[in-house]
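Novice: can't give you the sequence, but here's the structure:
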């Protein structure tokens, strides 16, 4: 058998090979082009890589929920705008974002930004904040939302700033949720002391939730000047000057540890910033004269003043009557004090370590239904609700026992239980 390949056969074989390669090339050209993440890329969306974080954010063009994953530390030199209904999650993925030029940041307006850890976002030259939330028109709900998740650290003059949209009256619908994260407010480039969360005084409607977070500030750690509803659950708030200063809105503190400076407490009028020094919790109505409603449910408060209400703007008695502080529990190291105005402080629970020898100063804040007692606390006193009188109503022919209701519980009172309770009835 002759196995010798002729020139004609070789040419035929080569033509077939070339034809096959051309066909494969044509198929490849027709397939969608996907830029795979390369070694030098800073971030990716899916498997598509981007050389800068700015480029990755710019690639998001609609409201579809999109995750941008950081592949290495990113230096950012521009404002990154998240707007037009976009919904972006930035997964730091163990990396950090640094805004290397002053006044550059993530600007969230009519959009949602969620940041997951671990990693840090910070200003190299602190001046504003690494994240600024802008408001929408009146009536807006969830207009601009920022979620800071576990393992994330934010650092700047303000950790997060809740602000108006410049040049407009769009001050509504801003939402900030912080969970198991760290927010640090540090001195800015001029030396001005920093705040972990800053709410501008013109804000008309914002909602802030902070859960098990660690907040620190070289000045007032939380400055709540605008009309925000803020709830803090657990965690800590520590300010070198003051822990929290609220100037408008609502604040609920549930088992949070708040610390301020321990010098003499002072208050100075200021239409554009904090007013109180050396307090854990300061309540100081703004020039806007909006209502303030504060509720303290447990936790610890330590400072020159543990709780301090001030009226440095000399607002009228009508205005300060809208300031109400209710304390149901907690441990307080520092005085409880208020200005001579129409605000109210009502203490119905808690342990107070500055009032062993001057209970009369505390008593003026304790309403009739509560009392100050020594309860095995060597260096403090406790406030508790008074024991209530239990009145036993015996059944009569006109009003059988089964019809009786306990007005506080609505439960049926049974004669046998009533008889037993009579033995242990106490008079408050």
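Specialist: Nice, I can see it. All values reported here derive from a predicted model rather than from experimental measurement. Numbering: from 1, shown residues only.
Novice: averaged pLDDT, stretch 225-239. What do you get?
Specialist: Across stretch 225-239, the average pLDDT comes to 98.
Novice: show me which positions of it end up buried.
Specialist: Using 16 or more other Cβ atoms under 10 Å as the test for burial, stretch 225-239 gives 225-228, 230-239. Yep, even glycine has a C-beta here, placed from its N, CA and C like the rest.
Novice: repeat for stretch 340-356
Specialist: 341, 343, 345, 347, 348, 349, 350, 351, 352, 354, 355.
Novice: quick check: pLDDT value at the first one.
Specialist: Per-residue confidence at residue 341 stands at 97 (pLDDT).
Novice: same question, the fifth one
Specialist: We note a pLDDT of 97 for residue 348 in this prediction.
Novice: so what's it up against?
Specialist: 326, 327, 328, 366, 367, 369, 370, 383, 385 (Cβ atoms under 8 Å, 6 or more residues apart in numbering).
Novice: can you redo these as a markdown table with neighbour count, secondary structure and distance to residue 295?
Specialist: Shown next, in a markdown table, are these (neighbours: other Cβ atoms under 10 Å; DSSP: H, G, I helix; E, B strand; the rest coil; distance: Cβ to Cβ, whole Å):
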| residue | neighbour count | secondary structure | distance to residue 295 |
| --- | --- | --- | --- |
| 326 | 17 | strand | 5 |
| 327 | 27 | strand | 8 |
| 328 | 16 | strand | 7 |
| 366 | 20 | coil | 16 |
| 367 | 14 | coil | 15 |
| 369 | 11 | coil | 17 |
| 370 | 19 | strand | 15 |
| 383 | 25 | strand | 15 |
| 385 | 13 | strand | 16 |
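Novice: follow-up on the earlier one: could the buried residues of stretch 225-239 go into TSV alongside distance to residue 123?
Specialist: Below are the buried residues of stretch 225-239 laid out as TSV (distance: Cβ to Cβ, whole Å):
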residue	distance to residue 123
225	21
226	22
227	27
228	23
230	23
231	27
232	24
233	27
234	27
235	23
236	22
237	21
238	20
239	19
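Novice: among those, which are in helices?
Specialist: Residues of these located in helices (DSSP state H): none.
Novice: in strands, which of these fall?
Specialist: Judged by DSSP state E, those include 228, 230, 231, 232, 233, 236, 237, 238, 239 as members of strands.
Novice: run through the stretch 51-200 of the chain and note the low-pLDDT ranges.
Specialist: Applying pLDDT under 70 to the stretch 51-200 of the chain picks out no residues at all.
Novice: just the helices in it please.
Specialist: 53-58 (DSSP state H, counting those that start in this stretch).
Novice: name the residues linked to residue 161 by a beta bridge.
Specialist: residue 132, residue 198 (DSSP bridges).
Novice: check contacts around it.
Specialist: Residue 161 touches 128, 129, 131, 132, 133, 198, 200, counting by Cβ under 8 Å, 6+ apart.
Novice: redo that, cut-off 7 Å
Specialist: 128, 129, 132, 198 (Cβ atoms under 7 Å, 6 or more residues apart in numbering).
Novice: same question, residue 307
Specialist: So residue 307 contacts 281, 301, 325, 327, 332, 336, 345 (Cβ under 7 Å, 6+ apart).
Novice: hmm, back to that, which of the contacts of residue 161 has the most neighbours?
Specialist: residue 129 (30 neighbours; other Cβ atoms under 10 Å).
Novice: now that residue: phi and psi?
Specialist: phi -170, psi 150 (degrees, to the nearest 10).
Novice: same check on residue 317?
Specialist: Dihedral angles (degrees, to the nearest 10) for residue 317: phi -60, psi -30.
Novice: hang on, the earlier thing: make CSV out of the ones in strands among the buried residues of stretch 225-239 and add distance to residue 272.
Specialist: Putting these into CSV (distance: Cβ to Cβ, whole Å) gives the following:
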residue, distance to residue 272
228, 17
230, 20
231, 26
232, 25
233, 30
236, 27
237, 22
238, 24
239, 18
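Novice: residue 156: which of the buried residues of stretch 340-356 is nearest?
Specialist: For the buried residues of stretch 340-356, the residue nearest residue 156 by Cβ to Cβ is residue 343; the value is 32.8 Å.
Novice: quick check: the closest one touching residue 308?
Specialist: No. With contact defined as Cβ atoms under 7 Å, residue 343 does not reach residue 308; the gap is 11.0 Å.
Novice: which residue is nearest the centroid of the chain?
Specialist: With distances taken as Cα atoms, centre = their mean, residue 210 lies nearest the centre of the chain, 3.5 Å away.
Novice: after the one helix or strand that residue maps to, which helix or strand is next?
Specialist: Using DSSP states H and E, residue 210 maps to strand 206-211. Where DSSP H and E defines the elements, the next helix or strand beyond strand 206-211 is strand 214-217.
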